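# Starting from these lines, generate the structure:
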Amino acid sequence: MDEALHPLIAVIGPTASGKSELALDVAERVNGEIVNYDSVQLYRGFNIGTAKLALEHRRGIPHYLLDSIEPQAIFTAGDYAREARTVLKELKPRGKTAILVGGTGFYLSALIRGLFAGPTRDEQLRERLEQMATDKPSGYLKRLLTRLDRQAAERIHANDTPKLVRAIEVSLLAGRPISEQWEGSSEPLVGYQVLTLGLSPPRERLYEKINARAAAIFQSGLIEEVEGLLESGISRDARPFTSLGYAQCLQYLDGRLSLDSAIEATAKATRRYAKRQLTWFRHREPDAKWAEGFGEESADWARGQVEQWLEKR
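Residues are numbered from 1 along each chain as shown. I've put the predicted structure just below:
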């Protein structure tokens, strides 16, 4: 490793694999601090459904880009890359190693590799697509994007209207799939050497944990959290309300799903999301070192990987 390059460690893997715990272990080993790259944990007040670590569980280690934006704000991958690079610049002179942890692979890629120079917004096209999302049956934009770009559609949740609209918009304006354009990223992060640690637990055990987590978040206060957010004036159209758990909780509160059905729908959608995450990370992070277990089982493995990596400096 080039001595001139500052170390940077990323923890990747599917939801419920224990990334946060592993990141804390690594941070303690390397005098590190945590930088979140989960797109929903960025929003203030959305805690239970995102499995956001409570302050008392962070072991005194500073966390950045957590609870950092208002729920109504529009925050893009480009915004994230700029904010995260600012944090990295602040940590570097203090001799701190940033530990990147989260589940939004596109945000991580935007930070490290930069973003493609896509076409500018077309407001008329965007308005038509947003109107379709309102007027057409549920899942219409997802099916439309699948016809245009199956690879991109697999990476974007059916309820994430802003991302679906942008993907369709870019694909139509550029005349080629947005997934092809992702490969042509610009302005990569410079001055850092990155070690990527991945968690890939056995699928059956991962799905059991996801199912248990889906039940646990509803039992531990998700409904009350959502009710409180709505009572505080946050619109149902706020982006984090489209995320896993929150979308199903709204359906429960509206009487469209029973509690058991909301829990099962959350678990099912989360299992599918975990599969998409693994596909993304395997494809986009070819140099990652993988452990076939959960974070709590992989601490010794991670320490060994970090020590070998640091010895090469």
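# send the alpha carbons of stretch 14-32 over as CSV?
The C-alpha coordinates for stretch 14-32 follow below in CSV (Å, rounded to 0.1, in the frame of the first residue of the first chain):
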residue,chain,number,x,y,z
PRO,A,14,-27.0,-7.5,2.9
THR,A,15,-29.4,-6.1,5.4
ALA,A,16,-29.5,-7.9,8.8
SER,A,17,-26.0,-9.4,8.2
GLY,A,18,-24.4,-7.5,11.2
LYS,A,19,-22.5,-4.8,9.3
SER,A,20,-22.9,-2.2,12.1
GLU,A,21,-21.4,-4.5,14.8
LEU,A,22,-18.5,-5.5,12.6
ALA,A,23,-17.9,-1.8,11.7
LEU,A,24,-17.7,-1.0,15.4
ASP,A,25,-15.2,-3.8,16.0
VAL,A,26,-13.0,-2.6,13.1
ALA,A,27,-13.2,1.0,14.3
GLU,A,28,-11.9,0.1,17.7
ARG,A,29,-9.0,-1.8,16.1
VAL,A,30,-7.8,1.1,13.8
ASN,A,31,-8.8,4.2,15.8
GLY,A,32,-11.6,4.7,13.3
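# tell me which residues of that stretch are tucked away?
Neighbour-count burial for stretch 14-32, counted by 16 or more other C-beta atoms under 10 Å, picks out 14-27, 29-30, 32. No exception for glycine: its C-beta is placed from N, CA and C like everyone else's.
# tell me the mean pLDDT over that stretch?
Stretch 14-32 shows an average pLDDT of 96 in the prediction.
# Off-centre distance for it?
On the basis of C-alpha atoms, centre = their mean, to the nearest Å, stretch 14-32 sits 15 Å off its chain's mean C-alpha point.
# The lengthiest helix in the chain: what's the following helix or strand?
Looking across the chain with DSSP state H, the single longest helix is helix 259-284. Where DSSP states H and E defines the elements, the next helix or strand beyond helix 259-284 is strand 289-291.
# Each with direction, which strands does that following strand pair with?
strand 192-199 (parallel) (DSSP bridges).
# sorry, back to before: packing partners of the longest helix of the chain?
In terms of contacts (3 or more C-beta pairs under 8 Å, 6 or more residues apart in numbering; DSSP states H and E), helix 259-284 is packed against helix 105-113, helix 150-155, helix 203-219, helix 246-253.
# Quick one, which of those helices gets closest to residue 45.
Among the helices and strands packed on helix 259-284, the nearest to residue 45 by C-beta to C-beta is helix 246-253 (10.8 Å).
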